[in-house]
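*Asks:* output the structure for:
(2 chains)
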Amino acid sequence: MESQDDRGLSRYGEPATLVLLALMSGPKHGYALMQSIEEEMDFKIGPGTLYGAIAKLLKMGMIRGLESQERAKPYEITDQGRRVIEEYVRRWSPIIKLGQARLA
Amino acid sequence: MKSIRWSKLYPRTWQEQFGEEFDEMNSMRGVRAKDVVDIAFHALALRLSGLVRALPFLGAWIVVCFLNVCAKEVQWAAGALVICSAGATAMQPKKWLRNAFGFFAAIPISSLYLYQDTSTKHAPLYQTAVAFIPALVGALFGLAIGSSIGSRSNPRVS
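*Replies:* Residues are numbered from 1 along each chain as shown, chains lettered A, B, ... in the order given. From the prediction side, this is the model:
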């Protein structure tokens, strides 16, 4: 069952999860987030999708904006966001393992 | 070459919050055809969601106009003003004054329809200003409801 905290995360799915995972390694602005998602996770998301996820995560209090560096604004994950992504990964890990075992 | 400001496709409030960084990101990485579709889709979705949110307000506003013009007793329009203003403000407590003025405006605007018929005698148009009272009462009632719901759902926020 979905907990109160991650209600929005599973509803808005993949892009929000990717953004949270990318921010786990430290604050990043839009371009760095896009690079991290593309290079580390091998996912391609469009700029509209990325900022849709950022806006949603900001609204849910899972990330916060830091002071702008020139025109780029970095974001960092909040404690709530960290809890949510930990819970999300913990919940999905056995399912992924089960899937891998059955596909093997 | 001057880069395109893609944020201009988005609603104004979104542009104010994300516009600069969004354009900066797009100028840094470049925008491909696939990205244009992605940006246009999300911008359109945001604009449409704004319109959809406004629909209940518009519907309630039309009901107030209708009752003001068609109901025989003024109490119907006054009651609708209280209920609509309260309902809208309960959903958006921060916009209580805008809701009060917005719903009140339905009365003088719809009254202009009555004044087209010069053979019937109506009270002067400025007397419709009294309709601001039920609109304001409704908004304040909605503000109380909205604040109470807000504090209950998020007890940590004082």
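*Asks:* next, count neighbours for the residue of chain B found nearest chain A.
*Replies:* In chain B, no residue comes nearer to chain A than residue B:38, which is 2.7 Å away by Cβ to the nearest Cβ. Heads up, the C-betas are built off the backbone N, CA and C, glycines and all. Using other Cβ atoms under 10 Å in any protein chain shown, residue B:38 is surrounded by 21 other residues.
*Asks:* ok, and the closest non-adjacent residue to it?
*Replies:* residue A:46 (2.7 Å; Cβ to Cβ, 6 or more residues apart in numbering or on different chains).
*Asks:* tell me what the helix or strand containing residue A:50 is packed against?
*Replies:* With secondary structure defined by DSSP states H and E, residue A:50 is part of helix A:47-59. Using 3 or more Cβ pairs under 8 Å, 6 or more residues apart in numbering or on different chains; DSSP states H and E, the elements in contact with helix A:47-59 are helix A:7-23, helix A:30-40, strand A:63-65, helix B:12-29, helix B:33-70.
*Asks:* I figured residue B:132 hits residue B:105, correct?
*Replies:* No: at 9.5 Å, residue B:132 does not count as touching residue B:105 under the criterion of Cβ atoms under 8 Å.
*Asks:* show me what the helix or strand bottoming out on mean pLDDT in chain B is packed against.
*Replies:* Here the helix or strand of chain B ranked lowest by mean pLDDT, DSSP states H and E is helix B:132-153, holding a mean of 85. Judged by 3+ Cβ pairs under 8 Å, 6+ apart, helix B:132-153 is in contact with helix B:74-91, helix B:96-114.
*Asks:* summarise which helices and strands the first one is packed against.
*Replies:* Contacts of helix B:74-91 with other secondary structure elements, assessed using 3+ Cβ pairs under 8 Å, 6+ apart, are made with helix B:33-70, helix B:96-114, helix B:132-153.
*Asks:* in the last one, what counts as buried?
*Replies:* For helix B:132-153, the neighbour count (16 or more other Cβ atoms under 10 Å in any protein chain shown) marks B:132, B:134-143, B:145-146 as buried.
*Asks:* and for the shortest one?
*Replies:* Under the neighbour-count criterion of 16+ other Cβ under 10 Å, helix B:96-114 has B:96, B:99, B:100, B:102, B:103, B:104, B:105, B:106, B:107, B:108, B:110, B:111 buried.
*Asks:* looking at those residues, which is nearest residue A:63?
*Replies:* Ranked by distance to residue A:63 (Cβ to Cβ), the buried residues of helix B:96-114 are led by residue B:96 at 30.0 Å.
*Asks:* quick one: contacts for the closest one?
*Replies:* Shown in contact with residue B:96 (Cβ atoms under 8 Å, 6 or more residues apart in numbering or on different chains): B:89, B:139, B:140, B:142, B:143, B:146.
*Asks:* on that earlier part again, can you put the helices and strands packed on helix B:132-153 in TSV and add mean pLDDT?
*Replies:* Converted to TSV, the helices and strands packed on helix B:132-153 look like this (pLDDT from 0 to 100):
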stretch	mean pLDDT
helix B:74-91	90
helix B:96-114	88
